[in-house]
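1. Give me the fold of what follows.
(one chain, ligands or ions: 1)
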Amino acid sequence: MNGLGFKVDRVLRGIDAASRLGLRVKINTVVQRGVNDGELLELAAYFRERRLPLRFIEFMDVGNTNHWRQDQVVPAREVVDRLSAQWPLEPVGPAYRGEVAARYRYQDGGGEIGLISSVTEPFCRDCHRARLSADGRLFTCLFAALGWDVLGALRAGADDAELDRYLARVWQGRRDRYSDERAEVLASGDIRPKAEMSYLGG
Ligand code: SF4
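-> Okay, the predicted model is just below:
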């Protein structure tokens, strides 16, 4: 699923090595119907054994190249139901306002999972994420096409206070809520260009 043919065993060894060294590890996995939705229980069992939090992310229409289709979205609710039938789960309240993942813990003490349901239960209202691309552009939404030219402001000589004001102006002026609007946008056929996830840094 990484698109590069990169072998998963090296990734798994890396995860184990990072855990052994005491790094806080969290596993993100995008669930795609017909691709990996038949492996949810195996995946959960693997990371339950290691007590590593696993987060399931709904397949999103981020960027322009992932060939997203609505019928390949596995709703977060379905993931919870399927896992819960095997290992009963209970919700854990958010650690802070705007926490992206809805968290659940296994009732048998097997650790935690998280669900990111940006397609079936959008959370734009509480979104506080900004992303800075490697070429110095600030994106106020994962689904934006254009970023704000922070590098340009710096090159033009902005000092810390000016940069502070610039960022505050950008942030206060943002109206992003793509996931809330997704259904209308898609129904209208308004195919917007979007930045790729790899460019935004995830
Ligand atoms: S669609 Fe944009 S505004 Fe909504 S949660 Fe995602 S990044 Fe935030």
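
2. okay, and for the protein, where does confidence drop off?
-> Applying pLDDT under 70 to the chain picks out residues 1, 3.

3. Residue 106 contacts residue 84, correct?
-> No - Residue 106 is beyond contact range of residue 84, at 9.1 Å (criterion: CB atoms under 8 Å). Heads up, the C-betas are built off the backbone N, CA and C, glycines and all.

4. So which residues on this structure come close to the ligand?
-> 118, 123-124, 127, 129, 141-143, 176-179 (CB under 6 Å from any ligand atom).

5. contacting residues for residue 58?
-> By CB atoms under 8 Å, 6 or more residues apart in numbering, the contact set of residue 58 is 30-31, 73-76, 116-120.

6. Go through the residues you listed and name the one nearest the ligand.
-> Using CB to the nearest ligand atom, residue 118 comes nearest to the ligand of these, at 5.7 Å.

7. Could you report the separation of that closest one from residue 153?
-> Distance of residue 118 to residue 153, given as CB to CB, to the nearest Å: 30 Å.

8. Between those two, which is the more surrounded one?
-> residue 118 (24 against 18; other CB atoms under 10 Å).

9. Helix, strand or coil: sort out the spatially most distant residue from the centre of the chain for me.
-> Most distant from the centre of the chain: residue 157, at 34.1 Å, with distances by CA atoms, centre = their mean. Assigned by DSSP: H, G, I helix; E, B strand; the rest coil, the conformation of residue 157 is coil.

10. Just read off the phi/psi values of it.
-> Main-chain torsions, residue 157, degrees, to the nearest 10: phi 100, psi 10.

11. How is residue 41 assigned, secondary-structure-wise?
-> Residue 41 is classified as helix under three-state DSSP.

12. I'd assumed residue 82 was in contact with it.
-> Yes - counting by CB under 8 Å, residue 41 does reach residue 82; the two are 7.1 Å apart.

13. who's more crowded, residue 106 and residue 84?
-> residue 106 (18 against 15).

14. Tell me how far that one lies from the ligand.
-> Applying CB to the nearest ligand atom, to the nearest Å, the value for residue 106 to the ligand is 27 Å.

15. and that residue, what does it touch?
-> Applying CB under 8 Å, 6+ apart to residue 106 gives the contacts 48, 87-89, 112-113.

16. so which of those comes closest to the ligand?
-> residue 113 (20.0 Å).

17. Wait, a helix at that closest one?
-> No - in this structure, residue 113 is strand, not part of a helix, as judged by three-state DSSP.

18. Phi first, then psi, for residue 145.
-> Main-chain torsions, residue 145, degrees, to the nearest 10: phi -90, psi -30.

19. no, scratch that, I was asking about residue 144
-> phi -80, psi 150.

20. hang on, the earlier thing: filter the contacts of residue 106 down to the buried ones and hand me the ChimeraX line.
-> The ChimeraX command for the buried members of the contacts of residue 106 (criterion: 16 or more other CB atoms under 10 Å) is given here:
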select :48,87,89,112,113
